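*Asks:* Starting from these lines, generate the structure:
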Amino acid sequence: MAILEILKIPDARLKQCSEPVERFGDELHAFIAELEETRLAGPAAVGIAAPQVGCFQRIVILDCSQARRPVPNHGHLILINPEITHWDGFVLGREGCLSVPDYTGNVIRAEQIKLVAQDSQGETHEYEMTGYEARVLQHEVDHLDGLLFLDRVVSRRTDLFQRKVYQKGGKKNST
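*Replies:* Next up is the predicted model:
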């Protein structure tokens, strides 16, 4: 396994839409293992989407179980071809991204969502998510559609913030 290179702005490939996964097998499982290793290597990364490493398939890994504050969540999820089927309420929150390492920003997202996705074996599952987990999932699905949180920042003048340091394992790391 290897840690994959994260595409960063202004890389135009980050604007590319991803294709649905149609084949489930060893090749997919090997890629998911590398994507997870890459997520774990990223500072404070709770989610990652395949397009962030140059693979334009609809694959997301999400794990909010290690959030600083306990939040309702489904634990470690591998979501293939995720589709948000319902959303409700709106809330403003701060987001960051491995592909936008120097900034965070305020983004309005749905507070509650329902989604359908396949697991790595191709089995279909339905999920209901709220709060932080719902926000992270929406952020990652945006990557599948060629969007970054920068595209959803309320105002680039007042709601985009330069990141000073990354926190990882209790140590401060400069960006």
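
*Asks:* Going by residue numbers, what spans are strands in the chain?
*Replies:* Counting by DSSP state E, the chain has strands at residues 47-49, 59-63, 76-97, 100-118, 124-130, 160-162, 165-168, 171-174.

*Asks:* Including mean pLDDT and distance to Gln138, could the ones you listed go into a markdown table?
*Replies:* No exception for glycine: its C-beta is placed from N, CA and C like everyone else's. Output for the strands of the chain, formatted as a markdown table (pLDDT from 0 to 100; distance: least, Cβ to Cβ, whole Å):
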| stretch | mean pLDDT | distance to Gln138 |
| --- | --- | --- |
| strand 47-49 | 98 | 10 |
| strand 59-63 | 97 | 11 |
| strand 76-97 | 97 | 7 |
| strand 100-118 | 97 | 5 |
| strand 124-130 | 98 | 9 |
| strand 160-162 | 91 | 18 |
| strand 165-168 | 55 | 22 |
| strand 171-174 | 38 | 27 |
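
*Asks:* Ok, which of these comes nearest Val141?
*Replies:* Counting by Cβ to Cβ, Val141 lies closest to strand 76-97 out of these; the figure is 5.8 Å.

*Asks:* Using CSV, list the CA coordinates for that closest one.
*Replies:* C-alpha atoms of strand 76-97 as CSV (Å, rounded to 0.1, in the frame of the first residue of the first chain):
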residue,chain,number,x,y,z
HIS,A,76,-16.0,4.1,9.6
LEU,A,77,-17.9,4.1,6.3
ILE,A,78,-16.8,3.2,2.8
LEU,A,79,-19.5,4.7,0.5
ILE,A,80,-19.6,3.8,-3.1
ASN,A,81,-21.9,5.7,-5.5
PRO,A,82,-23.4,7.7,-2.6
GLU,A,83,-26.6,9.7,-3.5
ILE,A,84,-28.3,12.1,-1.1
THR,A,85,-32.0,11.4,-1.4
HIS,A,86,-33.3,13.9,1.2
TRP,A,87,-32.1,16.9,3.1
ASP,A,88,-33.6,19.1,5.8
GLY,A,89,-32.7,22.3,7.6
PHE,A,90,-29.7,24.4,7.1
VAL,A,91,-26.7,25.3,9.3
LEU,A,92,-23.6,27.4,8.8
GLY,A,93,-20.3,25.7,9.8
ARG,A,94,-16.5,25.9,9.2
GLU,A,95,-14.9,23.5,6.8
GLY,A,96,-11.4,22.6,5.8
CYS,A,97,-10.1,20.3,3.1
